[in-house]
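In: just to be clear, the model below is a prediction. Sequence and coordinates:
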Amino acid sequence: MSVNRSASALVEVPRGLAGVVVADTRIGDVRGREGFYHYRQYSAVDLARTRTFEDVWHLLVHGDLPDAGRSAAFAHRTAALRRLPDEVRVALPAIAAAGGRSGPLAGMRTALSLLGAAKGFRPVYDVDAGQRREDTLVAAAAVPTLLTALHRLGKGLEPVEPREDLPYAANYLYMLTGSVPDDQRARAVEQYLISTIDHGFNASTFTARVIASTGADVAACLAGAVAALSGPLHGGAPSRALDTLDAIGTPDRIDAWVRERVLAGERIMGFGHAVYRTEDPRSRMLREVAQQFGGPRVDFAVEVERRVEAILAELKPGRELHTNVEYYAGVVMERCGLPREMFTPTFAAARVVGWSANILEQAEDTKIIRPVARYVGPEAPVAVPESA
């Protein structure tokens, strides 16, 4: 039966739900005016500087930071979940071939659905909290294996099997390149991964929660989140920020190149953020990581940042436009040997943990997320014309 909602029953909200509170969360928050964000009660940047990826994963899905013993146990447990079921492994070549230029992120949507079926994931509505958590661990542990295998298969290379003796980030780089990374590169990627695990109710996180609110299984929730992340307005900027550095080329071209784009109304990729009105704390931390590597590329990126911010301040006075996480993320990942087509998938390898925490939290609430739309089409009802 159709329900006629009066205009007074509708709540006006901004486009894109900007600033609209849609849920309570214990996972973390982004305080954009302060340039601060946190996971649970801890600064996310401090966690990236001092803890391992596995520790922060434990914090997000279990609610607390583990001591040394529990940290080792959790790392061992999740490492044992990295290998894929045979039903998934044999299907990956076909998924990679079908993906073509779409790359491993598109393929992972299919692979995650297959993983959920192979592992017998049941709707979160039908299982208890312990089983939900286990399903998220199984899926999140498999994501780096899926991404790297799809990438290598797309390049005509054999996948590299995961190693249980390597930490999450080091194992990811190992499966991607076939070589065990040195400590500096492994730690740099780990710090990037930690810094991007969660970041408020962004599009992919909100998508995961909407799907979880229907009671769907964990794989379905994660596949939907990946689909949202694949959009260029959400997860595709790290490689584009490097494209900006390539286009400028040399320090003497910075000012002219930037002025031309800004005056033409074009966006400078890697600058500005929907939430932060100060410097993005993730960018600040990753700048430090990049500078630890040093070299002409890093020096050039720092100089471009300095000049772009100065020119934006001159041409767009009153607006706070600084580098966002994508700018130095691209620089760091390039220095660590990741190909550009793997920048956004690497982001997904981190964000899968944040999605998992949000799925678990949303599953505690049995109320489905179901907003309404205002109809603005032709007036109804109109008589249906007879067919010719």
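Out: It's in.
In: ok, residue 367 - how many residues close by?
Out: 8 (other C-beta atoms under 10 Å). C-betas here are computed from N, CA, C, even on glycine.
In: mind checking how far it is from residue 250?
Out: The gap separating residue 367 from residue 250 is 56 Å, by C-beta to C-beta, to the nearest Å.
In: what of residue 280?
Out: Distance, residue 280 to residue 250, using C-beta to C-beta: 26 Å.
In: which of these two has more residues huddled nearby?
Out: Under the criterion of other C-beta under 10 Å, the comparison of residue 280 against residue 250 puts residue 280 first, with 25 against 8.
In: my read: the more buried one touches residue 326, true?
Out: No: using C-beta atoms under 8 Å as the test, residue 280 is too far from residue 326 to be in contact (9.2 Å).
In: can you give me the end-to-end span of stretch 379-388?
Out: Terminal residues of stretch 379-388 lie 23 Å apart, using C-alpha to C-alpha, to the nearest Å.
In: can you tell me the element residue 30 falls in?
Out: According to DSSP states H and E, residue 30 maps onto strand 28-31.
In: tell me where the stretch 151-300 of the chain is predicted with low confidence.
Out: Along the stretch 151-300 of the chain, the model assigns pLDDT under 70 to residues 235-238, 274, 276.
In: now swap in the stretch 1-150 of the chain and tell me
Out: Looking at the stretch 1-150 of the chain by pLDDT under 70, you get 1-8, 100.
In: let's see that with 80 instead.
Out: The model of the stretch 1-150 of the chain has pLDDT under 80 over residues 1-9, 99-102.
In: top helix in this protein by residue count?
Out: Taking DSSP state H as the criterion, the chain has its longest helix at helix 129-154.
In: okay, buried residues for that one please.
Out: 132-154 (16 or more other C-beta atoms under 10 Å).
In: please apply the same query to stretch 114-132.
Out: In stretch 114-132, counting by 16+ other C-beta under 10 Å, buried: 114-116, 118-119, 121, 124, 127, 132.
In: for these, could you give me a markdown table that also reports secondary structure and distance to residue 97?
Out: Putting these into a markdown table (DSSP: H, G, I helix; E, B strand; the rest coil; distance: C-beta to C-beta, whole Å) gives the following:
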| residue | secondary structure | distance to residue 97 |
| --- | --- | --- |
| 114 | helix | 15 |
| 115 | helix | 18 |
| 116 | helix | 22 |
| 118 | helix | 20 |
| 119 | coil | 24 |
| 121 | coil | 26 |
| 124 | helix | 32 |
| 127 | coil | 34 |
| 132 | helix | 33 |
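In: just put those in a markdown table and tack on distance to residue 25.
Out: Shown next, in a markdown table, are those (distance: C-beta to C-beta, whole Å):
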| residue | distance to residue 25 |
| --- | --- |
| 114 | 30 |
| 115 | 26 |
| 116 | 24 |
| 118 | 31 |
| 119 | 27 |
| 121 | 23 |
| 124 | 17 |
| 127 | 21 |
| 132 | 16 |
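In: of the residues you listed, which is the nearest to residue 171?
Out: residue 115 (17.7 Å; C-beta to C-beta).
In: got a list of what the residue lying closest to the closest one once chain neighbours are set aside touches?
Out: Nearest residue to residue 115 in three dimensions, chain neighbours excluded: residue 88, at 5.3 Å (C-beta to C-beta, 6 or more residues apart in numbering). Contact analysis of residue 88 by C-beta atoms under 8 Å, 6 or more residues apart in numbering lists 111, 114-115, 118, 142, 146.
In: pick out the most distant pair among those.
Out: Taking C-beta to C-beta, no two of those sit farther apart than 118 and 146, at 12.0 Å.
In: and residue 107, what element?
Out: helix 103-118.
In: quick one, that helix and helix 129-154 angle?
Out: 140 degrees (axes from the mean of the first three to the mean of the last three C-alpha atoms, to 10 degrees).
In: what residues of stretch 52-64 count as buried?
Out: Neighbour count says stretch 52-64 has 52-61 buried, by 16+ other C-beta under 10 Å.
In: partner strands of the strand holding residue 30, with direction?
Out: According to DSSP bridges, strand 28-31 forms sheet pairs with strand 36-39 (antiparallel).
In: what are the contacting residues of the next helix-or-strand element following the strand it pairs with?
Out: The first helix or strand that comes after strand 36-39 along the chain, using DSSP H and E, is strand 42-43. Applying C-beta under 8 Å, 6+ apart, the contact partners of strand 42-43 are 36-37, 59, 65.
In: what is the burial count for residue 319?
Out: 10.
In: my guess is it meets residue 309, correct?
Out: No: Residue 319 lies out of contact with residue 309 (C-beta under 8 Å); the separation is 10.9 Å.
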